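S.K.: Following is a predicted model, sequence given first.
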Amino acid sequence: MLGLLSFPALAAKAPQAPPHRPQARAPRVPVRPATDARWTAATPDAMIDQAAKRAKAGGREGFAALTTILALHERGQAGRARRRLEALSDERGPIGDAARLAAASLEPIPDRAAPPGLVTGVSVLGPFHDPSGRVRERDLDEADPKAWADAARSHRWGVFDVRWRPVLEGVTARGVPLDLYVHPRKESCTYVASRVTTEAGPLVLSAAATGAARLIWDGQELATSDELHSDALFDRLAARVEATRGDHLVALRVCSGALPAAGRARVRLARPDGSAPRFTSSPDLSPLSAMTFAKVKAR
């Protein structure tokens, strides 16, 4: 009788568990606290209310919230966006100032749509052909007051007779509607100018414009932005000058690209503390011919 033979060497080895290796823990990412000021909501009215809360944070997020309110004003309840902007105008700093202008831009009554400090008496000279971004170029001898005052001179090019034209009444916080006065506006440059009569003292000039823009005071360039903006919601140029009592020239050179834009431009005057100064503005530039532009102390 044969017995059972045992072969230990051939016996199947039991599987062994892999050695324990401690795993590295993932770094903990800080979580921002939840906030009620969301970006989205079920209705435009709710989004407007949420954006108004977010605007109080100030900074870039605050301006983004103001832009949201402006974008939704036609989709929400009538007047809701304007009321929220008016409430935000009580905020201190740039957000309050921008909200005050934005609320005025939505005001349906023209007399209320021109806040204090807005330059409303302006003339327009354009278009000047600009296929390559000539905002820094000069189609006038800007340092010569007579060049601004000569309303009879024609700057004709091609079939376009370019002369100074006064802007009709109704300039609001939205700015001068360039499409009503300039054709063709695409790939062209335009001067928007005013004769302002001020008291002596420091002034802060602020400007908003579509396209590229250059701010001018008494024939001297104060600030320039080469970026092409499609709208003129907020001020993009600013400078402080020491004004003398009497007449001065304030102007913008605005250049449009090939892409569509709202075609707006505006200039404001303010004291260093933000209050509106006493001044008058006129589209009649002819009195400038008797002036001599002095060197501007600007910063």
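M.R.: All right, it came through fine. Residues are numbered from 1 along each chain as shown.

S.K.: which non-adjacent residue is nearest residue 153?
M.R.: residue 163 (7.3 Å; C-beta to C-beta, 6 or more residues apart in numbering). Using the backbone N, CA and C atoms, a C-beta is placed for each residue, glycine as well.

S.K.: Settle this for me: residue 63 is touching residue 235, isn't it.
M.R.: No - the pair residue 63 / residue 235 is not scored as a contact, 10.9 Å apart, by C-beta atoms under 8 Å.

S.K.: and the spatially most central residue of the chain, what does it touch?
M.R.: With distances taken as C-alpha atoms, centre = their mean, the residue of the chain nearest its centroid is residue 234 (3.1 Å). For residue 234, the contacting residues are 63, 66, 98, 101, 208, by C-beta atoms under 8 Å, 6 or more residues apart in numbering.

S.K.: that older thread, joint contacts of residue 63 and residue 235?
M.R.: Contacts common to residue 63 and residue 235, judged by C-beta under 8 Å, 6+ apart, are residue 98.

S.K.: for the chain, what are the low-confidence residue spans?
M.R.: Scanning the chain for pLDDT under 70 picks out 1-37.

S.K.: on that earlier part again, quickly find the element holding the residue nearest to the centre of the chain.
M.R.: Under the assignment given by DSSP states H and E, residue 234 is not contained in any helix or strand.

S.K.: gap between it and residue 294?
M.R.: Per C-beta to C-beta, to the nearest Å, residue 234 is found 31 Å from residue 294.

S.K.: What of residue 136?
M.R.: Residue 136 is 23 Å from residue 294, by C-beta to C-beta.

S.K.: same thing with residue 212?
M.R.: Separation of residue 212 from residue 294 (C-beta to C-beta): 27 Å.

S.K.: Who has more neighbours out of the two?
M.R.: Per other C-beta atoms under 10 Å, whichever of residue 212 and residue 294 has more neighbours is residue 212, with 22 against 11.

S.K.: And for the closest residue to residue 76 other than its chain neighbours, the neighbour number?
M.R.: Closest residue to residue 76 apart from its sequence neighbours, by C-beta to C-beta, 6+ apart: residue 44 at 4.2 Å. Per other C-beta under 10 Å, the neighbour tally for residue 44 reads 17.

S.K.: May I ask you to confirm that residue 44 is in contact with residue 75?
M.R.: Yes - here residue 44 reaches residue 75: they are 4.1 Å apart, a contact under C-beta under 8 Å.

S.K.: for residue 178, phi and psi?
M.R.: phi -60, psi -30 (degrees, to the nearest 10).

S.K.: contacting residues for it?
M.R.: Counting by C-beta under 8 Å, 6+ apart, residue 178 has contacts 124, 126, 185, 190, 192, 210, 254, 263-265.

S.K.: Repeat that for residue 114.
M.R.: 104, 120, 171-173.

S.K.: mind running it again at 6 Å?
M.R.: 120, 172 (C-beta atoms under 6 Å, 6 or more residues apart in numbering).

S.K.: Look at it and give its secondary structure.
M.R.: Under DSSP: H, G, I helix; E, B strand; the rest coil, residue 114 falls in the coil class.

S.K.: just the strands in the stretch 101-250 of the chain please.
M.R.: 123-129, 164-166, 176-177, 188-198, 201-209, 211-217, 220-229, 237-243, 246-255 (DSSP state E, counting those that start in this stretch).

S.K.: Test my guess that residue 266 contacts residue 210.
M.R.: No - contact between residue 266 and residue 210 fails when scored by C-beta atoms under 6 Å: they sit 10.5 Å apart.

S.K.: Residue 143 is in contact with residue 219, isn't it?
M.R.: Yes - counting by C-beta under 6 Å, residue 219 is a contact partner of residue 143 at 4.4 Å.

S.K.: how much distance is there from stretch 207-225 to the middle of the chain?
M.R.: 13 Å (C-alpha atoms, centre = their mean, to the nearest Å).

S.K.: which parts of that stretch are buried?
M.R.: 207-223, 225 (16 or more other C-beta atoms under 10 Å).

S.K.: neighbouring contacts of it?
M.R.: Under C-beta under 6 Å, 6+ apart, the answer for stretch 207-225 is 135, 142-143, 226, 228-229, 232, 235-237, 239, 241, 248-256, 261-267, 293, 296, 298.
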